[in-house]
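Undergrad: What follows is a predicted structure for the sequence shown.
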Amino acid sequence: MKIFTSNSLMSKLTFAITFSLVTVGLSGNLKAQESLTIQDAIDRMLQNNLNIKQSALNVSTSEVNLEQSKAALYPTLNGTINNNFNFGRSLNPVNNELVSQKYYNGQDGLSTSVDLFGGFAKLNQIRQNKILLAAGNSSLDKMKNDLILQVVTAYFQVVFNTDLLKASKEQLLVAQETQRREQALLEAGNKTLADISQAKAQTATAELNVTNAQNQLTISYLTLSQLMEMRADDNSYVVVKPTIQDIAQAQKSYDANDVYNTSLAFFPDIKLARLNREAAEKAVNIAKGAAYPKLTLAASLGSQYSFALGKRPLVLNLDGTYSPPPPEPALGSQLNTNLYQSIQLSLSIPIFNGLTIKSNVKRAKISYEVSKISEQLAKNNLNKVIAQAVADLRAADSRYKSNEKTFNAQKDAFNVIEQRYNVGLVNSLDYNTSQTNRNKAEVDYIQSKYDLLFKSKVIDYYLGKQITF
């Protein structure tokens, strides 16, 4: 593309050398930096994002809750060991003797219990925890989906600002060359101060555009790096731009109902709302279960033993004499002698508990109705955003085609004006106006190009397709 025509060979050489240095400098930087595709950016975000890691831990907690609710169906088994040291006069619980000496006694036992019936509360709790685990995974998927869309948005902003900066630098080179040419013609007496003033103003505007574009590019890179949990000053990568084929593929027509029906089957927001409704339904059954009688079977097994501490007192015989006390039974003998077993079958019938059960059931039913409304709201919202996304894509396609035609027209018009200006047939005001119009048309064209591609990727997002180019 011919950007300008110069009557001065030195001006041409100056522009060529300057542009080459800029290009070589940019190429050197690019070689030292990693090329980052949009899929690479998404993968880094998914790997490094702390919110995702935190949500994954919440899923692990739901897994533990499910395991614990399943284990609650099994009988419980507990062992007890009691050790007592007695001083003074007390009753020995092993032999029921009232003694006045130091002694040690111990009690060991095992106990078990199992709920035979409890209004199916435990079974419903297992079912609810399964649903909550699935809901946790869906919540994790929803978070990933939301962050993916943020990464895609930030990535396209970087791509747009990169092209915008490149165009701004090229426009600055043209403005600087025009100013040098005007200065030379002014010194030769062929131009006025008004002409050079307009050229300087055009250069100043171009310099400001470069500064603004550079700042916008820096901020967009910062935003993308933060989404990938990278350092704010990390400039070790450059994004990969889409190709012409990607732009052509973006010019598709979609039916909003088809996109909605496809998205409805897998979109995490809808799946999460449905699972929350199902979990709320199980919560109602759990609350109702508390109104049923509870039947529990329990059993226990244990024994006890004791030993005197220190010297045992003599035994007073009937004839008034004293004899040594009989030897204490061995530990094994005491355990066998004092062995006890028990089986219990208990039935607990809720009769009146301050309307606690009834109130819990009412609250659970209200939560269930709220979850049903939330599910429908999620579907309605998805339908709205998809319809808007399809409409936005159509509008973006129209803007892109219009801006492409406008840019080509302005570019051709500027080339003609430039050639006539170089031979003195057009004044500097008309020349600068044409250059400004061309520059604006180029910026609009770049913006509409990437806006079209972004809008098409949004549709791919709702269709569950992998976002690549």
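TA: All right, it came through fine.
Undergrad: Domain parsing of the protein, as residue ranges.
TA: As recorded under automatic domain parsing, the domains making up the chain are 9-74+118-293+349-463, 76-117+294-348.
Undergrad: List the contacts of the residue nearest the centre of the chain.
TA: In the chain, the centroid-proximal residue (Cα atoms, centre = their mean) is Met143; its distance is 3.2 Å. Residues in contact with Met143 (Cβ atoms under 8 Å, 6 or more residues apart in numbering) are Asn51, Ile52, Ser55. (C-beta placed from N, C-alpha, C; glycine too.)
Undergrad: Out of those residues, which end up buried?
TA: Neighbour counting by 16 or more other Cβ atoms under 10 Å classes Ile52, Ser55 among these as buried.
Undergrad: Which positions in stretch 239-246 come out as buried?
TA: Neighbour counts over stretch 239-246 (16+ other Cβ under 10 Å) mark Val239, Val240, Pro242 as buried.
Undergrad: Does the residue nearest to Asp430 when sequence neighbours are not counted lie in a helix or a strand, and which?
TA: Leaving aside its sequence neighbours, Asp430 sits nearest to Ile417 (Cβ to Cβ, 6 or more residues apart in numbering; 6.5 Å). Using DSSP states H and E, Ile417 sits within helix 356-422.
Undergrad: Give me the mean pLDDT for that helix.
TA: The average of the pLDDT scores along helix 356-422 is 94.
Undergrad: Then stretch 253-267?
TA: 92.
Undergrad: which other residues reach that stretch?
TA: By Cβ under 8 Å, 6+ apart, the list of residues contacting stretch 253-267 reads 145, 270, 379, 382-383, 386-387, 389-391, 393-394, 459, 462-464.
Undergrad: and which of those residues is nearest to Lys282?
TA: Ile270 (19.2 Å; Cβ to Cβ).
Undergrad: Model confidence score at that closest one, please.
TA: Ile270 carries a pLDDT score of 95 in this model.
Undergrad: and the host helix or strand of it, what does it pack onto?
TA: Using DSSP H and E, Ile270 falls within helix 268-289. Helices and strands touching helix 268-289, by 3 or more Cβ pairs under 8 Å, 6 or more residues apart in numbering; DSSP states H and E, are helix 121-187, helix 356-422.
Undergrad: Need the winner for burial among those.
TA: Across the helices and strands packed on helix 268-289, averaging neighbours per residue (mean count of other Cβ atoms under 10 Å) puts helix 121-187 on top, at a mean of 20.
Undergrad: Which positions in the helix or strand following that helix come out as buried?
TA: For helix 121-187, the succeeding helix or strand toward the C-terminus, using DSSP H and E, is helix 193-227. Using 16+ other Cβ under 10 Å as the test for burial, helix 193-227 gives 195-196, 198-199, 202-203, 205-206, 209-210, 213, 216-217, 220-225, 227.
Undergrad: Quick one: list the elements packing against helix 193-227.
TA: When contacts are defined as 3+ Cβ pairs under 8 Å, 6+ apart, helix 193-227 sits against helix 38-48, helix 121-187, helix 428-463.
Undergrad: What angle do helix 268-289 and the second one make with each other?
TA: For helix 121-187 and helix 268-289, the angle between their directions (axes from the mean of the first three to the mean of the last three Cα atoms, to 10 degrees) works out to 160 degrees.
Undergrad: hang on, the earlier thing: looking at the buried residues of stretch 239-246, which one is closest to Phe352?
TA: Nearest to Phe352, judged by Cβ to Cβ, of the buried residues of stretch 239-246 is Val239 at 68.9 Å.
Undergrad: any idea how far Gln249 is from the nearest residue to that closest one once chain neighbours are set aside?
TA: The shortest distance from Val239 to any residue other than its chain neighbours is 4.9 Å, reached at Val158 (Cβ to Cβ, 6+ apart). Separation of Val158 from Gln249 (Cβ to Cβ, to the nearest Å) stands at 21 Å.
Undergrad: quick one, which residue of the chain lies the farthest from its center?
TA: What lies farthest from the middle of the chain is Asp319; by Cα atoms, centre = their mean that is 92.1 Å.
Undergrad: Can you read off the backbone torsions of the residue lying closest to Thr337 once chain neighbours are set aside?
TA: Computed as Cβ to Cβ, 6+ apart, the closest residue to Thr337 that is not its neighbour in sequence is Pro329, at 6.9 Å. When quoted as degrees, to the nearest 10, the phi and psi of Pro329 stand at phi -60, psi 150.
Undergrad: Pro329 and Leu335 touch, don't they?
TA: No. Between Pro329 and Leu335 there is no contact under Cβ atoms under 8 Å: 9.6 Å.
Undergrad: List the contacts of Val458.
TA: Going by Cβ under 8 Å, 6+ apart, Val458 touches Leu149, Val152, Ala389, Asp392, Leu393.
Undergrad: change it to 6 Å
TA: By Cβ atoms under 6 Å, 6 or more residues apart in numbering, the contact list for Val458 reads Ala389.
Undergrad: Give me the distance between it and Leu331.
TA: With distances taken as Cβ to Cβ, Val458 is found 79 Å from Leu331.
Undergrad: Equivalent analysis for Ala56, please.
TA: For Ala56, the distance to Leu331 equals 54 Å [Cβ to Cβ].
Undergrad: now swap in Asn439 and tell me
TA: From Asn439 across to Leu331, the span is 101 Å (Cβ to Cβ).
Undergrad: With Asn285 instead?
TA: Counting by Cβ to Cβ - Asn285 and Leu331 are separated by 52 Å.
Undergrad: Of these two, give the one with the bigger neighbour count.
TA: Set Asn285 next to Leu331 and count neighbours by other Cβ atoms under 10 Å: Asn285 wins out with 18 against 12.
Undergrad: how close does the more buried one sit to Phe414?
TA: 74 Å.
Undergrad: before we move on, what about Gln202?
TA: Going from Gln202 to Phe414 by Cβ to Cβ gives 13 Å.
Undergrad: Likewise for Asn48?
TA: Asn48 is 46 Å from Phe414, where distance means Cβ to Cβ.
Undergrad: And for Asn124?
TA: As for Asn124, its distance to Phe414 is 75 Å (criterion: Cβ to Cβ).
Undergrad: again, but for Tyr461
TA: Counting by Cβ to Cβ, the gap from Tyr461 to Phe414 is 38 Å.
Undergrad: Quick check: chain neighbours aside, which residue is closest to Leu217?
TA: Nearest residue to Leu217, sequence neighbours excluded (Cβ to Cβ, 6+ apart): Asn161, at 4.0 Å.
Undergrad: Before I go, just wanted to say thanks for your time.
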